[in-house]
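In: Everything below, folded, please.
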Amino acid sequence: MKIQIKELEKYYGANKILDRINLTFDEGIHGLLGPNGAGKTTLIRILSTLLSKTSGEIYYDNLKVDNKEEIRKIIGYLPQEFSFYPNFTVYETLDYFASLSNIKLNKKEILDRLEIVHLQDIYKAKTKTLSGGMKRRLGIAVAMVGNPEVLIVDEPTAGLDPEERIRVRNMLSDFGKTKTVLLSTHIAQDIQLSCKSLSILNKGKLIYSGTVKEIIKEAEGYVWNLNVDFGDSEQYMDKYNVISSITDEDKISLRILSKEKPSLNANNISPTLEDAYMKLIKEV
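Out: Predicted coordinates for the structure are as follows:
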């Protein structure tokens, strides 16, 4: 499945939320990154047919996004905020949402889908007893219930512990081997570890579209590690873009983003996607 976005714009009144977005997604998992208010959620809601565009075109292969009924047959969508009936079991929840989509599943088919998200062993548990990570996985199962060609997920790992984040990432990566997955998040590490391509929005504009490797390469030579005494850290924080600071007794280890070497004692280190992202946002 190929998704093409051409000259997409979205206004709320006089406010331009998306400004002439041009993107193409094909098979695999693609990341969508940007600060709060960048337009990420607006974009994926338009792609999910939940919000109308102001102008431009979106195609799923040769099918226009305006054909909502047909588009909804081939996509699955997991919003950032969702809820289930608390007294429904995991099994009943998946069965219920399948029915809403006019999909008839027998018990084996439901359990097979729950096995994909590692919930088959607790299919009798009520949703109100599930952890946050389990609810996210159930949400993914609901989004995938119709075996969609495209899966669109908004902040799927937000608020999860490290183990659950890894599990959700792995599930999305597996799905992306044969389908198209669009992952919108503010967690750069999730994109670095799972996505083949990346698009970055800022204030409604597309400021980067390419591979994760390419943008990280652009930050090479800009990231420094510097260990300073506790009392000396403030001068560097005032003068430089400090990505992180880790305290170790009377020393502080600073991760600094700078074109110039911030100190004779600073060491140049390999950048991460988060470093590259911060560099790009600061430049814009």
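In: From Gly146, how far off is Tyr60?
Out: 14 Å (CB to CB, to the nearest Å). (Each C-beta comes from the backbone N, C-alpha and C, glycine too.)
In: try Glu249
Out: 56 Å.
In: Tell me which of the two has more neighbours.
Out: In this view Glu249 and Gly146 are compared by other CB atoms under 10 Å, and Gly146 has more residues nearby, 18 against 6.
In: got a pLDDT number for that one?
Out: Here, the pLDDT recorded for Gly146 equals 85.
In: What does Arg223 show for phi and psi?
Out: Careful, residue 223 is Val and not Arg. phi -110, psi 130 (degrees, to the nearest 10).
In: Next, the contact list for it, please.
Out: By CB atoms under 8 Å, 6 or more residues apart in numbering, the contact list for Val223 reads 243, 255-257, 268-271, 275.
In: switch the cut-off to 6 Å
Out: 269, 271, 275 (CB atoms under 6 Å, 6 or more residues apart in numbering).
In: what bridges to it?
Out: Leu257 (DSSP bridges).
In: Repeat that for Gly76.
Out: Under DSSP bridges, the beta-bridge partners of Gly76 are Leu151.
In: go on, Asn268?
Out: When assigned by DSSP bridges, Asn268 has beta-bridge partners Trp224.
In: That one: neighbouring residues, count only.
Out: Count around Asn268 with other CB under 10 Å applied: 12.
In: if I look at it, how far off is Lys279?
Out: 14 Å.
In: Buried residues of stretch 17-35, list them for me.
Out: 17-19, 21, 23, 25, 27-34 (16 or more other CB atoms under 10 Å).
In: List the contacts of it.
Out: Against stretch 17-35 from outside (CB under 6 Å, 6+ apart): 2-10, 39-40, 42, 172, 176, 180-184, 191, 194-202, 204-206.
In: List only buried entries from those residues.
Out: Using 16+ other CB under 10 Å as the burial test, these include 3, 5, 8, 10, 39-40, 42, 172, 176, 180-184, 191, 194-202, 204-206 as buried.
In: Please verify my assumption that Ala276 contacts Ile216.
Out: Yes. Assessed by CB atoms under 6 Å, Ala276 is found in contact with Ile216 at 4.9 Å.
In: And those two? Which one has more around it.
Out: Using other CB under 10 Å as the criterion, Ala276 and Ile216 rank with Ala276 on top: 26 against 19.
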